[in-house]
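# Got a predicted structure plus its sequence, pasted below:
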Amino acid sequence: MIQFIDENRNRFSVEFICKTLKNSRADGFITSRGYRQSKARGLSARRLRDAVLVERISTVHRDNYGVYGVRKMWHALRRDGIDIGREQTARLMRLASVSGKGKGRLPITTRKPNVPDLRPDLVGVSSKPKARTSCGWQILPMCAPRQALCMPRLSPTFTPDGSLGGRYQIPCVPKCCHCKLSTRRS
């Protein structure tokens, strides 16, 4: 509330602000006399010690490459002869806006990235589904370049266009070595 009075004392008097806040709150509020006493009092011993320790913590953190967390910072301050508790060290580190660095973790590879994969295919294996030749046999993409390994069609009446017209009506591609031997033309 002291900060609120400090911000608005240029527009209204301290007495008016305190009287208005006292009337609007049921549990009472600070008086103008209490406000002036708190401003004249100065900083407490704890705040003075905290200011000194925050500077010391920032120095130790910077000297140790910014990697010390609460536990190591607490031990470092104790080694320097400063009597301080671990929780107090954590509170002062939060005030100084410093924190330790976590261990480097491996990336989780099961989550798919949102960007397309632009890495080159060094193995030369296509990830496309199995294709079918004109005679209906499946081509496996794991063969040498410009060759194909064919597998027999699923049913003798299947053709690539889905019709049930005769067997092997469409000639196979010339690179398909197994289909050349097994196709018949009538």
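Good, I have the coordinates. Given the structure is predicted, the values throughout are model-derived calculations rather than measurements.

# Look at residue 21 and tell me its secondary structure.
Three-state assignment for residue 21 (DSSP: H, G, I helix; E, B strand; the rest coil): helix.

# Let me see the ranges of the helices in the chain.
Along the chain, counting by DSSP state H, helices occupy 2-8, 14-24, 32-41, 45-63, 70-79, 86-96, 177-182.

# Lowest mean pLDDT across these, which one is that?
Mean pLDDT per stretch puts helix 177-182 lowest among those, at a mean of 47.

# quick one: contacts for residue 82?
Residue 82 makes contacts with 53, 56, as judged by CB atoms under 8 Å, 6 or more residues apart in numbering. All C-beta spots, glycine's among them, are computed from the backbone N, C-alpha and C.

# same question, residue 15
Per CB under 8 Å, 6+ apart, neighbours of residue 15: residue 32.

# Domain ranges for the protein, per the record?
2-41, 45-96, 126-186 (automatic domain parsing).

# how near is residue 84 to residue 95?
13 Å (CB to CB, to the nearest Å).

# Counting neighbours, go ahead and name the busier of the two.
residue 84 (17 against 14; other CB atoms under 10 Å).

# So that one is in contact with residue 76, correct?
No. Between residue 84 and residue 76 there is no contact under CB atoms under 8 Å: 10.4 Å.

# What sits closest to residue 73 if chain neighbours are left out?
residue 89 (5.5 Å; CB to CB, 6 or more residues apart in numbering).

# separation between the one you found and residue 1?
30 Å.

# Compare the two (neighbour count), which wins?
residue 89 (23 against 14).

# OK, contacts around that one?
Contacts for residue 89 (CB under 8 Å, 6+ apart) come out as 57, 70, 73-74, 77.

# Can you flag the buried ones in those?
For the contacts of residue 89, a burial check counting by 16 or more other CB atoms under 10 Å picks out 57, 70, 73-74, 77.

# Next, count neighbours for residue 60.
Using other CB under 10 Å, residue 60 has 18 neighbouring residues.

# how close does it sit to residue 83?
For residue 60, the distance to residue 83 - CB to CB - is 15 Å.

# before we move on, what about residue 4?
Taken as CB to CB, the span from residue 4 to residue 83 is 36 Å.

# Pick out whichever of those two has more residues nearby.
Using other CB under 10 Å as the criterion, residue 4 and residue 83 rank with residue 4 on top: 10 against 7.

# Check the gap between the more buried one and residue 43 for me.
Using CB to CB, one gets 19 Å for the distance from residue 4 to residue 43.

# Over to residue 110?
Counting by CB to CB, the gap from residue 110 to residue 43 is 53 Å.
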